[in-house]
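Peer 1: Fold the following.
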Amino acid sequence: MQDETIQPQNLNKDGDKYQPWLDEEIAEIGEVTNFGERLPPLKLEENKLTEFDVDFSKAFDKWIDPASKQVKKIIPVTHAGEKKVLWLNTANPAYKQIIEAGKKGQTHFKIMRTGQKRGTRYTLVD
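Peer 2: Just a heads-up that it's a prediction; the model follows:
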């Protein structure tokens, strides 16, 4: 039979049993979900033109999907007077178009979404 004596280093400040793996879990959660201010997502409706302004004042936060390893950028936008975020996969051609336009000084965008799921396409409109 193993000795199940709880050592002082295995107790939290309240004297309860402490699980060291929880520190690692908290660190991993922080890496995945630390996006600063929580803002609602910009929802792009199918076959509807959506206008928004992008805030290019700082680098976009990123999120890496743990399962697929896809990288998504979290783009701060203002839509209908409300601050929101647009999540875009960096492999999406619309992401590159937004970045290139931002480099030229453009901040106002119009985008149209067509299709669903894997067939979803985003088209920037001038």
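Peer 1: From here on, just use CA atoms for contacts and neighbour counts.
Peer 2: Will do.
Peer 1: Check the separation of the first and last residues in stretch 77-87.
Peer 2: 10 Å (CA to CA, to the nearest Å).
Peer 1: in it, what's buried?
Peer 2: The neighbour-count check on stretch 77-87 (16 or more other CA atoms under 10 Å) flags 77, 78, 79, 83, 84, 85, 86, 87 as buried.
Peer 1: Repeat that for stretch 107-117.
Peer 2: Residues of stretch 107-117 classed as buried by neighbour count (16+ other CA under 10 Å): 107, 108, 109, 111, 112, 113, 114.
Peer 1: before we move on, which element is the residue nearest to the second one when sequence neighbours are not counted in?
Peer 2: Take residue 108 and drop its neighbours on the chain: the residue closest to it by CA to CA, 6 or more residues apart in numbering is residue 53, 4.4 Å away. The secondary structure element spanning residue 53 is strand 49-54 (assigned by DSSP states H and E).
Peer 1: List the contacts of that strand.
Peer 2: The contact list for strand 49-54 (CA atoms under 8 Å, 6 or more residues apart in numbering) reads 44, 75-80, 107-113.
Peer 1: ok, so of the buried residues of stretch 77-87, who is nearest residue 48?
Peer 2: Using CA to CA, residue 79 comes nearest to residue 48 of those, at 14.1 Å.
Peer 1: what comes up buried for the strand holding residue 53?
Peer 2: Neighbour-count burial for strand 49-54 flags 50, 51, 52, 53, 54 (criterion: 16+ other CA under 10 Å).
Peer 1: partner strands of whatever helix or strand comes next after that strand, parallel or antiparallel?
Peer 2: Counting by DSSP H and E, the element after strand 49-54 in chain order, helix or strand, is strand 61-64. Strand 61-64 sits in its sheet next to strand 71-79 (antiparallel), going by DSSP bridges.
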